[in-house]
Each structure stands twice: as structure tokens, then as C-alpha cells.
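Student: 3D, please:
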Amino acid sequence: MYCININNITWNFFKFPFKSDGNDLNRNVLHIHSHAELFFCFEDSIQLNFPNEKITINKNDACLIPAGINHTKTHDNSSNAMWSSIGLFCNAGADTVNNNKNSDSRIISMLYSNKVLLFQNNTDLHTIFQKIISNEVIGTATLLELVCVFYKASTLNITEKISVSKKNSKKDIERLLILDHIINTEYVKCPSMKEIADRLYLTTRQLSRVVLANFGTSLHKLFIKRRLFCAATQLVETNSSIESISHLVGFSNKNFFYHHFKNEFGMTPARYRTENRNVVPR
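Tutor: So this is what the prediction gives:
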């Protein structure tokens with residue numbers, strides 16, 4: 001997890017392991033995140049599928065998928081497909097969210113809206129993603145460059161906006177911001193449903209409905225998924241043992257970890273580590 005603070009807003013980033021040869025694009029299973037996801041294509045092309053829309057991103061194209069939007073990835077069976085993605089969410093107060101004229105507010109809305117953003121042949125993002133993929137630790141300067149790209153996109157008409165079937169009110173966005181922060185920073189200890197509901201000023205039943213409506217699953221499964229993606233990153237970027245990684249991300253039972261990891265990624269942790277290491281974009 002990496003973060004940078006700008007204008008009293010903390011932007012949080014985590015990178016997924018680099019993919020090549022359509023590594024897991026063949027699974028073609030619709031899924032959803034509690035964070036926004038930014039894809040970048042280095043070679044060939046991949047297709048992003050939504051319930052009522054399909055978008056192709058070609059070499060040097062990027063696509064931002066807001067939080068809570070069902071999507072999946074496919075490719076044309078070419079062995080040359082190379083791509084990467086990062087997750088991002090932010091911490092901001094209600095004043096920022098409700099200030100429509102503020103550029104920070106516009107960026108936050110981009111992360112939780114019903115519009116998928118397509119950045120075509122974006123050289124800035126190409127440079128940033130090369131830095132992100134090639135370095136084990138992402139520097140503050142690189143994160144600042146990434147935020148600047150979003151500032152530019154929020155003020156200039158330089159991206160294609162494609163509407164999909166989802167709509168959030170300002171109140172929804174406020175709740176999603178808090179929920180994102182909890183899921184992505186407290187996934188190891190995993191607060192109870194009651195604790196989270198109290199922080200959102202909701203009943204547990206209302207919280208369940210909010211989570212189901214926005215993410216199509218349960219809060220428990222969102223925490224499990226976040227742990228798994230964190231474990232996947234650790235497998236690729238460190239030499240820590242699989243057992244120590246499973247404990248680090250919050251799994252107390254190794255068999256439980258293996259079971260959920262294989263369900264999520266279609267392979268064992270050991271195989272995932274082998275197949276995703278030392279892959280460098282051209």
C-alpha cells in the first residue's frame with residue numbers, strides 16, 4: 001500500500017502483479033471492487049467487459065473503472081498481451097465531496113461515478129506505469145505524477161467517458177469513501193459488522209444492503225478478497241514464505257488461505273509466484 005497526501009486528502013494506491021500473455025484474462029468472470037481500478041496496456045490489446053458495454057484498450061491506452069462497477073477482462077488469444085493495473089481509493093471529508101467546483105471533488109467523483117474513463121495513447125500514464133512495475137517501492141514523485149494525470153483529466157476534456165449501469169448520490173460516495181478506507185487499511189484485523197455500521201451511522205442490516213447494492217457481495221467476502229490481492233502482491237515482490245505471507249495479511253489458517261487463493265486466482269500461491277515474477281514491460 002502506498003499513499004500521498006495532497007490538500008488534506010490522502011490518496012491510497014496498491015499495485016497488482018504485472019500480467020503478460022493474458023495470464024489470468026481467460027477466467028472471464030465478472031467481479032467487483034471496493035476501490036477504483038486503473039488498467040494500462042503495454043502490448044497488443046485487452047477487452048474490458050461490463051454488463052452492458054465492452055471497451056477495448058490498445059497499446060498505450062489506459063482505462064479507469066470506478067469502484068462498484070462489475071467488469072471482467074478478456075483478450076483475443078494473442079500471446080503478446082501485456083498489461084498491468086493498480087487499485088486506488090482516497091480519504092476525504094464530506095466538505096470535499098460536496099464541493100462540486102473543487103477539482104479534488106471532481107477527481108473523487110471520478111473514482112465512484114458510473115462513468116468509465118478511457119485514456120487513449122497516454123504517454124504520461126505509460127511512463128508512470130513503467131516506473132510502478134519496474135520498482136519494488138513506488139516513490140512519492142511517481143504517485144504525485146499519477147494524481148496530476150487525474151487532475152488534468154478532471155479539468156480538461158482529454159478522456160472518453162463511457163456510462164455504465166450504476167449511479168451514486170453524494171451521500172453514497174461519502175459512505176463508499178469510508179468503507180473503502182476500512183476495507184483497504186483494516187483488512188488484517190477485520191472489524192466486525194457492528195463496528196463498521198456504527199462508523200457509518202447505519203444499522204447492520206442497512207450496511208449489508210449498502211455493500212450488496214454497490215459491490216454485489218458480502219462485507220466478509222470483500223475483506224477476504226482484499227487479503228488475497230495483498231498476498232498476491234507479497235508473493236511476487238518478496239521472498240517471504242507463503243505461510244508467513246498468509247499470516248501477514250490476516251489468515252490464521254493456512255489451508256483456509258490456500259483454498260480461497262486458488263478460488264480467486266485459479267492456481268496455488270506457489271504457482272502464482274512462479275508465473276508472475278520477473279515479468280517486465282517492454
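
Student: where does the stretch 51-200 of the chain dip in pLDDT?
Tutor: 75-79, 93-102, 136-137, 157-159, 165-168 (pLDDT under 70).

Student: ok, which stretches of it are helices?
Tutor: All helices of the stretch 51-200 of the chain, identified by DSSP state H, counting those that start in this stretch, fall at 94-98, 103-112, 123-134, 140-155, 170-185, 193-199.

Student: Out of the ones you listed, flag the one nearest His35.
Tutor: With CB to CB, the closest approach to His35 among the helices of the stretch 51-200 of the chain belongs to helix 170-185: 5.7 Å. (Each C-beta comes from the backbone N, C-alpha and C, glycine too.)

Student: and that closest one, what does it pack onto?
Tutor: strand 9-15, strand 82-91, helix 94-98, helix 103-112, helix 193-199, helix 204-215, helix 219-237 (3 or more CB pairs under 8 Å, 6 or more residues apart in numbering; DSSP states H and E).

Student: Can you name the residues in contact with that helix?
Tutor: 1, 12, 14, 34-35, 67-68, 87, 89-92, 94, 97-98, 108-109, 112, 168, 191, 196, 199-200, 202, 210-211, 214, 219, 222-223, 226 (CB atoms under 8 Å, 6 or more residues apart in numbering).

Student: May I have it as CSV, with CA atoms only?
Tutor: The C-alpha coordinates for helix 170-185 follow below in CSV (Å, rounded to 0.1, in the frame of the first residue of the first chain):
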residue,chain,number,x,y,z
LYS,A,170,-23.2,12.3,-2.8
LYS,A,171,-24.2,10.5,0.4
ASP,A,172,-23.4,7.2,-1.3
ILE,A,173,-20.0,8.5,-2.2
GLU,A,174,-19.2,9.6,1.3
ARG,A,175,-20.1,6.2,2.6
LEU,A,176,-18.1,4.4,-0.1
LEU,A,177,-15.1,6.6,0.8
ILE,A,178,-15.2,5.5,4.4
LEU,A,179,-15.9,1.9,3.5
ASP,A,180,-13.0,1.8,1.1
HIS,A,181,-10.7,3.1,3.7
ILE,A,182,-11.8,0.5,6.2
ILE,A,183,-11.6,-2.4,3.8
ASN,A,184,-8.2,-1.4,2.4
THR,A,185,-6.5,-0.5,5.6
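
Student: From the chain's centroid, how far away is it?
Tutor: 14 Å (CA atoms, centre = their mean, to the nearest Å).

Student: And for stretch 124-131?
Tutor: With CA atoms, centre = their mean, you get 17 Å for stretch 124-131.
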